[in-house]
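Asks: Let me see the structure of the following:
(one chain, ligands or ions: 2)
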Amino acid sequence: MKEEETVLQKGNNFSEWYNEILKRAEILDVRYPVKGVYVWYPYGYKLRNLIYKILRSLMDKEHEEALFPLLIPEDELMKEKEHIKGFEEEVFWVTKGGSTELDVPLALRPTSETAIYPVFKVWIRSHRDLPLRIYQIVNTFRYETKHTRPLIRLREITSFKEAHTAHASPADAAEQIKKAVALYKNFFDLLAVPYVITRRPEWDKFPGAEYSIAFDTLMPDGRTMQIATIHLLGESFARTFDIKYEDKDGSQKFVNQTCYGISERCVAAVISVHGEEHGLVLPPEVAPIQVVIVPIVYSSGGAEVEKVCIAAYEELKRAGIRVFFDNSEERPGAKYYKWEMKGVPLRIEIGPRDVRNNRCEFVRRDDFTRMQVPLGDVVPEVKGTLKAIQDSVHERAKETFFANVYKSGDSGVGKGEDKDKSEGELEELRRTGIVSIFLCESERCGREVEERLGVTVLGEAIYGDENGERVKSEGKCMICSRKAKGVYVARAY
Ligand code: 5CA
Ligand code: ZN
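Replies: Ligands and ions are numbered 1, 2, ... in the order given. Predicted structure coming up:
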């Protein structure tokens, strides 16, 4: 076995596994000489595009895609006080044109509120212009000072999908928040990525927002990763940027706003949640190649086998399957290794004996099971098997995920009554997952828990979870014993 072909360990050292996978499956090249900035390989970019095609198709139902500039003048960026306080230290600046100092320094957007809302001001005139729902998929720049990580913590986020909406009333904006949650649920379900949805603590919400909602998934090392956020902005930005509309009665009113975003962390999640020691395991919905056909040829019968392979390939292609016929010179073993690494959900092997018997062999990537299929049934069998793989990949991911979500009361952890006892157990549980504890709303208690236990407070589970259960809502704060709500905590990326 070549060194390259050694299997990877996922469990013990996730970080190493992750970096190896990005390289061997040709997702991202990390050799670009700028910190936190990486190159998409063509295969990785195909995966990214399929994922974003799903996102676009969901967004397009009720939003319109637009494109705003990358550069934001300093004075606009600085207008919203809360907002800029949150982002100040993360902004990259363009200060020169050639050797000439610019009159007004230009920021590279860290997110686009301050690029978009001055334009909303001129677009929105009357109640007939509302609701306004736009989104864009762009690169954004953040001078991250924490450890940067490919697809996860970037200085150039290449695939930032940000939605910005404006509404006539607070109720309409609140309704939009619910729709955004439903849309993101739909999205991550199609990616087969499990999540918890929480309301971020007051002291850790998006700068300028009334409140923030987050989706978090669980990485194989037991850390959570925030994969989406949804913010109710209320009137704060509308007041700052003077975004008003004329209501039916002729009065001028501020709009109510929301915004919500997703980055290529969704690609990182697909890779990390499903992959294993042989490489990627891609859900068929997003696999750039859903089926690979590998001819098994020895000394004779090659021409016949090739003819049958091509016929199957043509048929699958016509049926809309993303299929690849690997007739390269490599040994079959090397081909298996390569396509397994790249996560192709289904392999079809065809050899001389199969041709004689008018059949082929399916090998599933998710569980390596084999089955023989009559050549005449290839299209329906492929469709059925891809569906089965999609479902079982999702089920497996949810099982692992929810086995690592501990609710208040489970093993006594987080029960307000016995806060002394809970810390030891929490210590144990926090190694592996998401734990619910009782915590009051004060920032002091929140920060203390974060510091003492090395966790992040994700927040209150507001929408329940896949098990239909809700976090037990009333208890005593484990720090100060005051009245508290159940909140999720976890070690986070
Ligand atoms: N304007 C709002 C909504 S679009 C906003 O910027 N929200 S955010 O700051 O929370 O970012 C949205 C999502 O982008 C986060 O939930 C997170 O999943 C992702 N994200 C944030 N920073 C980075 C980063 N440095 N690298 C990769 N993804 C990031
Ligand atoms: Zn407290």
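Asks: P220 and F14 touch, don't they?
Replies: Yes: taking C-beta atoms under 8 Å as the definition, P220 is a contact partner of F14 at 4.8 Å. For glycine as for every other residue, the C-beta is placed from the backbone atoms N, C-alpha and C.
Asks: Can you pull the residues that touch both of those two?
Replies: Between them, P220 and F14 share the neighbouring residues S272, with contact defined by C-beta atoms under 8 Å, 6 or more residues apart in numbering.
Asks: What confidence value was assigned to L106?
Replies: What the model reports as pLDDT for L106 is 98.
Asks: Please give me every residue in contact with it.
Replies: Residues counted as contacts of L106 (C-beta under 8 Å, 6+ apart) are L71, I72, P73, E74, W93, V94, T95.
Asks: next one: E340
Replies: H278, G279, R365.
Asks: what separates it from ligand 2, distance-wise?
Replies: With distances taken as C-beta to the ion, to the nearest Å, E340 is found 50 Å from ligand 2.
Asks: among the contacts of L106, who's most crowded?
Replies: I72 (25 neighbours; other C-beta atoms under 10 Å).
Asks: Can you classify it as helix, strand or coil?
Replies: Secondary structure state of I72, per DSSP: H, G, I helix; E, B strand; the rest coil, is strand.
Asks: what pairs with it across the strands?
Replies: Beta-bridge pairing for I72 (DSSP bridges): A107.
Asks: Which residues are in contact with it?
Replies: Under the criterion of C-beta under 8 Å, 6+ apart, the contact list for I72 reads L106, A107, L108, R109, S112, T114, A115.
Asks: just those now: which is nearest ligand 1?
Replies: Taking C-beta to the nearest ligand atom as the measure, ligand 1 sits nearest to S112 out of the contacts of I72, at 7.1 Å.
Asks: Tell me the spacing between the closest one and E381.
Replies: From S112 over to E381 the distance is 46 Å, taken as C-beta to C-beta, to the nearest Å.
Asks: which of the two has more neighbours?
Replies: Neighbour totals were compared for S112 and E381, and S112 leads with 21 against 18 (other C-beta under 10 Å).
Asks: per-residue pLDDT, that one?
Replies: In this model, S112 is scored at 97, pLDDT.
Asks: Tabulate the contacts of I72 in a markdown table, adding columns for distance to ligand 2.
Replies: Shown next, in a markdown table, are these (distance: C-beta to the ion, whole Å):
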| residue | distance to ligand 2 |
| --- | --- |
| L106 | 43 |
| A107 | 38 |
| L108 | 39 |
| R109 | 37 |
| S112 | 36 |
| T114 | 35 |
| A115 | 39 |
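Asks: Pull out the buried members of those residues.
Replies: With burial judged by 16 or more other C-beta atoms under 10 Å, the buried subset of the contacts of I72 is L106, A107, L108, R109, S112, T114, A115.
Asks: residues touching G333, list them.
Replies: Contact criterion C-beta under 8 Å, 6+ apart gives no residues in contact with G333.
Asks: Doesn't it belong to a helix?
Replies: Yes: with three-state DSSP as the criterion, G333 is part of a helix.
Asks: Including distance to I213, could the buried ones among the contacts of I72 go into CSV?
Replies: Conversion of these to CSV gives the following (distance: C-beta to C-beta, whole Å):
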residue, distance to I213
L106, 32
A107, 26
L108, 27
R109, 22
S112, 19
T114, 22
A115, 23
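Asks: Now for those: which two are most distant?
Replies: Using C-beta to C-beta, the two most remote members of the buried ones among the contacts of I72 are L106 and S112, lying 13.7 Å apart.
Asks: Can you give me every residue that contacts the residue in the stretch 1-150 of the chain positioned nearest to ligand 1?
Replies: When distances are taken as C-beta to the nearest ligand atom, the stretch 1-150 of the chain reaches nearest to ligand 1 at T111, 3.4 Å away. Listed by C-beta under 8 Å, 6+ apart, the contact partners of T111 are F87, T140, F160, E162, G261.
Asks: Show me where this structure dips below the pLDDT cut-off.
Replies: 1-7, 11, 299-301, 407-432, 464-473 (pLDDT under 70).
Asks: how about the residues of it near ligand 2?
Replies: Proximity of the chain to ligand 2 is confined to C440, C445, C477, I479, C480 under the rule C-beta under 5 Å from the ion.
Asks: Please indicate which of those residues are buried?
Replies: Applying a neighbour-count criterion of 16+ other C-beta under 10 Å, the buried members of those are C440, C445, C477, I479.
Asks: Turn these into a markdown table, columns for secondary structure and distance to Y493.
Replies: Putting those into a markdown table (DSSP: H, G, I helix; E, B strand; the rest coil; distance: C-beta to C-beta, whole Å) gives the following:
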| residue | secondary structure | distance to Y493 |
| --- | --- | --- |
| C440 | coil | 26 |
| C445 | helix | 23 |
| C477 | coil | 26 |
| I479 | coil | 24 |
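Asks: tell me which of those residues is nearest to ligand 1?
Replies: Where those are concerned, and distances follow C-beta to the nearest ligand atom, ligand 1 has its nearest neighbour in C445, at 23.3 Å.
Asks: Hmm, the closest one is touching L439, no?
Replies: Yes: C445 is within contact range of L439, at 5.9 Å (criterion: C-beta under 8 Å).
Asks: what is in contact with these two at once?
Replies: Between them, C445 and L439 have C477, I479 as joint contacts when contacts are counted by C-beta under 8 Å, 6+ apart.
Asks: Helices of this structure, start to end?
Replies: Across the chain, reading from the start of the chain, the helices by DSSP state H fall at 14-24, 42-59, 74-77, 81-87, 113-123, 170-190, 236-241, 265-274, 302-318, 332-341, 352-356, 378-402, 419-429, 443-453.
Asks: And the fifth one, what's buried?
Replies: Okay, so that is helix 113-123. Within helix 113-123, the residues scored as buried using 16+ other C-beta under 10 Å are E113, T114, A115, I116, Y117, P118, V119, F120.
Asks: wouldn't the third one be in contact with F68 here?
Replies: Yes: look at A115 against F68 with C-beta under 8 Å: they come within range, at 4.7 Å.
Asks: what is in contact with these two at once?
Replies: With C-beta under 8 Å, 6+ apart as the test, A115 and F68 both reach R109.
Asks: picking up where we left off before, nearest to ligand 2 among the contacts of E340?
Replies: The nearest member of those to ligand 2, counting by C-beta to the ion, is G279 at 45.5 Å.
Asks: For ligand 1, what's its nearest residue on the chain.
Replies: Residue of the chain nearest ligand 1, by C-beta to the nearest ligand atom: G261 (2.4 Å).
Asks: Leaving out sequence neighbours, find the closest residue to that residue.
Replies: In space, not counting the residues next to it along the chain, G261 is nearest to E162; the distance is 4.4 Å by C-beta to C-beta, 6 or more residues apart in numbering.
Asks: for that neighbour, what are its contacts?
Replies: E162 is in contact with T111, S112, Y135, Q136, V138, T140, C259, Y260, G261, counting by C-beta under 8 Å, 6+ apart.
Asks: do the same with F254
Replies: By C-beta under 8 Å, 6+ apart, the contact set of F254 is E235, A238, R239, I243, K244.
Asks: who's in contact with the first one?
Replies: For E235, the contacting residues are F254, V255, N256, Q257, taking C-beta under 8 Å, 6+ apart as the criterion.
Asks: Right, I'll leave it there.
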